[in-house]
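Peer 1: Structure, please.
(chains A and B)
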Amino acid sequence: MKSIFNFFLVLGVVIFMHSCGPARFVEPLRKHQNAIALDVGGPIIKVPDLAVTPIPFSSITYGRGVSNKLTLHGSWYTTAAIFGVAQVGAGATYGVWKSKRKKHGVSTMLGFNTAVDLFENNFKFWPQLDAHYYFKYNYKERNQEDLLTNGRKVANLFYAGIGTWYELASKKAHGERQETVVVPMLNIGHDLNWKRWTFKTEVKLIAPFSLNEDIVVDYFSLTGKNGATGLYLGLIHKF
Amino acid sequence: MKKVVLISIVGVSFLFLGCKKRLDSFLFNNDNSITEYKLDSYGGDLALEVPIDYLVPDSDIHLFEYEIVDEGAKLKVSAIFVGDLNKIKSDTVILYCHGNKDHMDHYWPRQKLLSHVGEQGRYGVLMFDYPGYGLSQGTPSEQNIYEATNGAMKWLSKNGLSNDRLIVYGYSLGSAPATKSVGDKPFVMVPSKIILEAPFASSEVMIQDAAILGMPSSFFVNAKIDNAEQIKKCTVPLFWLHGVNDDFLSIDSHGRLVYNNHKTSWKIKNEVPGAGHSDVPTFIGYSDYLNEILNFIVN
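Peer 2: Coordinates of the predicted model:
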């Protein structure tokens, strides 16, 4: 029966797309450094009789290092825009700890997402709080520009962390009580770095404690009957 | 140069807003590729497999068309009445609003089954294809499925049916026009009783079930289907059936909400253990299913 409801498959995926992208700037940018990121990806769904596939939804992010510890960033969700929904995300990533040799670090991100549709002007706002640990490996040789600035080496980066969205509304449709206040996520990702470019991959376990049965979308989930698993790819240009 | 590229990317992405794509059309999983209705000879996917015992004699099968107006255009809507046409003016008729798949051939076994409520031919059963389904002209939309339902009621009224002898039965998507007919009551007739099988509460609930966060349905669809609110205005008796294992429209967030919102007349329910979205009659057992409907009609 589900195969006859492709509409809702698309719908559900788009909804989740609204709610997530990959982790932004897990390692904060350098002071006055800028970056543009293009991300694609979303939750993996099972399309009956067809495939198990992540849906390539997209967003564009601009970030700027205010200091070596603090990066401010804003995102525009392009797929949401196609549906006539202006969705913007913004946040501040703060490096809270770094090992002496700067090989390890911990950062947090406080941000929000907001969306408004162009049809009925319905509005949605939901805050986000993330924390990530990262580990750098495969340091590459210093490049001239880095020597002239802060001498940072180029290295690839693994990261893992927890993300959370917060539902501020106490009621759902038809006055039903909203039981979900916090939607947790587990993020595991990798940044493959070059001098100015980064290729990002991330796997996200979304809402791993919420049942994914009896809903209109068949999500694929590494956690079985709970949540959804997302796969994201990103390309970041730093300048 | 970098600034130009940056501004261009941002500008183009903002222009996407102009696309204003909507998902409404995906609501209808219609098939209009057929050239005729094959009924018992149909070889496609069926909504139910019913045994030969529920055969309907050819003399009781009446295929016909009626006309509706949708956004200024005249559309022909195909319908099948099973029963004795002459009894419409004196007996009860079940108006069956089918789900969102294919066309009437797919739902023909369900119509046959309903024509055996009481005994074969005891009650007339009218089913119709929404615009864009089967041989019905047009493209389906929320508005024109209401128009098609209204057209079916006009046909019944013209053939002598009165409100007190009209029972409306809505299955899945069909719960929208069925509930509307007893909620806002915009159609030429107001049914005296309503049967809802696997109804959905609203597009809002569907979205919120899938999204966890409470997203407004207007982010995706223009459809205003809202059975949970419509049923509050319903003043006629309700019989609600829903599979406990319905993994598409959850009995918790959809079915029970609709049932609980019906408050101004008597109602009965059957939450069917083991049943999913499309096999409630099978799990109840066809004979018991027909008896339950009969009891509801004659109560």
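
Peer 1: burial count for residue 176?
Peer 2: Picked chain A for this. 16 (other C-beta atoms under 10 Å in any protein chain shown). Just so you know, the C-beta spots here come from the backbone N, C-alpha and C atoms, and that holds for glycine as well.

Peer 1: that's the wrong chain, I meant chain B
Peer 2: 27.

Peer 1: Contacts only, for it.
Peer 2: B:97, B:142, B:145, B:170, B:200, B:225, B:227 (C-beta atoms under 8 Å, 6 or more residues apart in numbering or on different chains).

Peer 1: quick one: the first one and B:T179 touch, right?
Peer 2: In other words, B:C97. No: using C-beta atoms under 8 Å, B:C97 makes no contact with B:T179, being 9.5 Å away.

Peer 1: Overlap in contacts, these two.
Peer 2: What both B:C97 and B:T179 touch, as defined by C-beta under 8 Å, 6+ apart, is the set B:G170.

Peer 1: Now for residue 208: which residues touch it?
Peer 2: I'll assume chain A. A:184-186, A:221, A:223, A:226-227.

Peer 1: Actually, chain B is the one I wanted.
Peer 2: A:172-173, B:214-215, B:253.

Peer 1: mind redoing it with 6 Å?
Peer 2: A:172-173, B:214 (C-beta atoms under 6 Å, 6 or more residues apart in numbering or on different chains).

Peer 1: Let's verify it: helix, strand, or coil?
Peer 2: helix (DSSP: H, G, I helix; E, B strand; the rest coil).

Peer 1: picking up where we left off before, taking the contacts of A:P208, tell me the two that lie furthest apart.
Peer 2: A:P184 and A:S221 (13.7 Å; C-beta to C-beta).

Peer 1: Compare neighbour counts for the two and give me the winner.
Peer 2: A:S221 (21 against 15).

Peer 1: nearest to chain A, of the contacts of B:A176?
Peer 2: B:F200 (8.9 Å; C-beta to the nearest C-beta).

Peer 1: quick one: that closest one from B:I231, how far?
Peer 2: Using C-beta to C-beta, to the nearest Å, we find B:F200 at a distance of 12 Å from B:I231.

Peer 1: Chain A: helices as residue ranges?
Peer 2: Ranges of helices in chain A, per DSSP state H, are A:6-19, A:78-82, A:144-148.

Peer 1: List the buried residues for stretch B:209-226?
Peer 2: B:209-221, B:223, B:225-226 (16 or more other C-beta atoms under 10 Å in any protein chain shown).

Peer 1: In stretch B:66-78, which residues are buried?
Peer 2: For stretch B:66-78, by 16+ other C-beta under 10 Å, it's B:66, B:68, B:70, B:75, B:77-78.

Peer 1: Most widely separated two among those?
Peer 2: B:D70 and B:S78 (14.6 Å).

Peer 1: where in the stretch 101-250 of chain B is pLDDT low?
Peer 2: Low-confidence segments of the stretch 101-250 of chain B (pLDDT under 70): B:210.

Peer 1: ignore the last one, chain A
Peer 2: A:1-20, A:46-56, A:140-152, A:213-218.

Peer 1: So which residues of it form strands?
Peer 2: Per DSSP state E, chain A carries strands over the ranges A:34-47, A:51-54, A:58-65, A:70-76, A:85-98, A:104-117, A:123-140, A:154-166, A:182-193, A:197-211, A:226-238.
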